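Student: Provided below are the primary sequence and the corresponding predicted coordinates.
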Amino acid sequence: MIETGSREFRYATWALCLGSAMIFANLHVVQALLPTLAQQFHLSELQASWSLTITILTLGLSLLVYGPLSDAIGRKPIMVATMVGAVLTTLALSQVESYPMLLLLRGLQGVFLGGLPAIAIAYMGDEFTRKAVVLAVGVYISANSLGGVAGRMLGGFVGENYGWAAAFGAVGIASALVLAVFVLLLPKSRNFHAKPLHPVHIAQDMGGHLRNPVLLAAYLIAFGNFMIFLNQYSYITFVLADAPYHLSPHALGMLFLTYLTGSFAAAVSGRVAQYLTSPVGMALGILLLMCGSLLTLIPNLMTIVLGFMISSFGFFFTHSLASSWVSHHALKARASASSLYLVFYYMGASAGGFLLAPFWAWQGWLGIVAGSLLVYGLTLGCSLWLHRWQLGEQRALA
């Protein structure tokens with residue numbers, strides 16, 4: 001087993017973190033380019049957002065496949081194969097000339113992008129000691145958000161100066177370099193033991209999780225919160241690209257630095273959970289999401305940025321607690337319970353562009369905030385229900 005402080009630990013952790021950053025850079029590269037794509041292909045805001053929505057949708061669905069498949073085939077081979085596919089589709093995206101072809105390739109790209117997120121932590125569990133897993137997972141999760149920020153900023157900078165197609169080319173070349181480092185650094189699996197695929201058992205486990213109201217409430221929190229949080233970033237790019245702000249794609253990419261408050265929130269959530277129950281912590285995070293959303297209604301750029309910083313903190317704080325809640329309260333098959341949490345998480349993000357579109361057509365950004373508060377109110381209700389359930393369990397045990 002790989003111990004902390006060893007050379008193999010450093011190599012494996014670096015490989016997985018770089019791979020994760022690559023995946024999320026490819027996923028989010030289009031977000032700062034949405035106004036540019038809308039202008040280039042004569043699209044509505046909703047149509048332009050499909051370039052992100054379809055990738056998140058196919059990524060989320062692929063998570064249901066890669067986990068069980070890796071149990072039967074192995075971890076590293078699937079991660080490498082899917083990363084190769086992601087690099088090739090990203091480079092192909094730099095050559096497209098029509099929006100339907102762009103959407104087709106982005107959908108295919110999402111299938112490939114799901115490989116590493118579905119398997120990376122399972123690889124750690126196979127090869128690392130328990131202490132090493134705890135340390136590596138924290139660094140790995142931070143790499144997720146940093147990769148998303150880097151992809152958006154690189155996409156915005158290159159897109160502004162050389163065009164949207166060049167942004168895909170730049171990310172594709174950077175991804176190819178990361179892939180080479182990943183293959184060289186990541187140690188081969190030594191403790192992996194293949195397990196036969198049992199689709200019936202997998203389906204039974206999934207059904208059991210969906211019938212468990214304690215898990216279902218957490219899944220709904222993940223669905224609703226990410227649906228709003230991610231798509232607020234998409235719609236605000238159209239607000240800030242228009243009068244009176246007129247921000248360039250590069251400047252829009254800089255907006256995503258507000259994600260960094262989320263990295264801090266994820267790091268402190270565990271400590272806060274020592275003083276507050278997880279449901280209360282989730283409720284607190286959702287209230288911060290509401291406050292951040294309301295701040296963005298003030299027509300001042302710095303206030304809008306502050307609102308997104310608060311929302312990012314609240315989102316990742318809640319996300320960290322909710323994902324831990326699922327892991328601790330699954331009655332069995334914890335891996336599939338956590339996978340299902342991520343499926344809801346990404347399905348929410350893919351649905352958000354469509355569900356918020358009527359609010360955008362109704363009142364623009366004011367409508368987006370109104371729709372956001374409505375959904376956040378529902379997820380807040382789920383967290384309060386979990387708090388009530390937990391109190392009942394404590395009284396029953398007393």
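Tutor: Thanks, I have the structure now.
Student: hey, where'd the helices end up in the stretch 1-150 of the chain?
Tutor: Using DSSP state H, counting those that start in this stretch, the helices found in the stretch 1-150 of the chain span residues 7-28, 34-41, 45-73, 76-93, 99-113, 115-127, 130-162.
Student: tell me which residues of the fifth one are tucked away?
Tutor: By 16 or more other C-beta atoms under 10 Å, the buried positions in helix 99-113 come out as 99, 102-113. Just so you know, the C-beta spots here come from the backbone N, C-alpha and C atoms, and that holds for glycine as well.
Student: Could you export the residues you listed as TSV, including distance to Met302 and pLDDT?
Tutor: Below are the buried residues of helix 99-113 laid out as TSV (distance: C-beta to C-beta, whole Å; pLDDT from 0 to 100):
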residue	distance to Met302	pLDDT
Tyr99	34	97
Leu102	34	97
Leu103	35	97
Leu104	40	97
Leu105	37	98
Arg106	33	98
Gly107	37	97
Leu108	40	97
Gln109	35	98
Gly110	34	96
Val111	40	96
Phe112	39	97
Leu113	34	96
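Student: out of those, who's nearest Thr303?
Tutor: Nearest to Thr303 out of the buried residues of helix 99-113 is Arg106 (C-beta to C-beta; 32.9 Å).
Student: so where is this structure shaky, pLDDT-wise?
Tutor: 134, 138, 270, 335, 398 (pLDDT under 70).
Student: what domains does the record give for it?
Tutor: 1-192, 198-398 (automatic domain parsing).
Student: Now Leu260. Nearest residue, chain neighbours left out?
Tutor: Leaving aside its sequence neighbours, Leu260 sits nearest to Val149 (C-beta to C-beta, 6 or more residues apart in numbering; 6.9 Å).
Student: Please list all residues in contact with that neighbour.
Tutor: 256-257, 259-260 (C-beta atoms under 8 Å, 6 or more residues apart in numbering).
Student: Then Ser145?
Tutor: 24, 259-260, 262-263, 266, 316.
Student: taking those residues one by one, which sit in helices?
Tutor: Members of the contacts of Ser145 lying in helices (criterion: DSSP state H): 24, 260, 262-263, 266, 316.
Student: Which helix or which strand is home to Gly371?
Tutor: Counting by DSSP states H and E, the element that carries Gly371 is helix 334-397.
Student: and that helix, what does it pack onto?
Tutor: Applying 3 or more C-beta pairs under 8 Å, 6 or more residues apart in numbering; DSSP states H and E, we find helix 334-397 packed against helix 45-73, helix 115-127, helix 199-210, helix 213-241, helix 278-295, helix 301-329.
Student: That helix to helix 301-329, inter-axis angle?
Tutor: If you take axes from the mean of the first three to the mean of the last three C-alpha atoms, to 10 degrees, helix 334-397 sits at 80 degrees to helix 301-329.
Student: now helix 334-397: how far from the chain's centre is it?
Tutor: 15 Å (C-alpha atoms, centre = their mean, to the nearest Å).
Student: Show me the residue at the heart of this structure, geometrically.
Tutor: The centroid of the chain falls nearest to Tyr346 when counting by C-alpha atoms, centre = their mean (6.8 Å).
Student: Adding distance to Val178, write the ones in helices among the contacts of Ser145 out as JSON lines.
Tutor: Compiled in JSON lines, the ones in helices among the contacts of Ser145 are given as follows (distance: C-beta to C-beta, whole Å):
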{"residue": "Phe24", "distance to Val178": "12"}
{"residue": "Leu260", "distance to Val178": "21"}
{"residue": "Gly262", "distance to Val178": "22"}
{"residue": "Ser263", "distance to Val178": "20"}
{"residue": "Ala266", "distance to Val178": "22"}
{"residue": "Phe316", "distance to Val178": "24"}
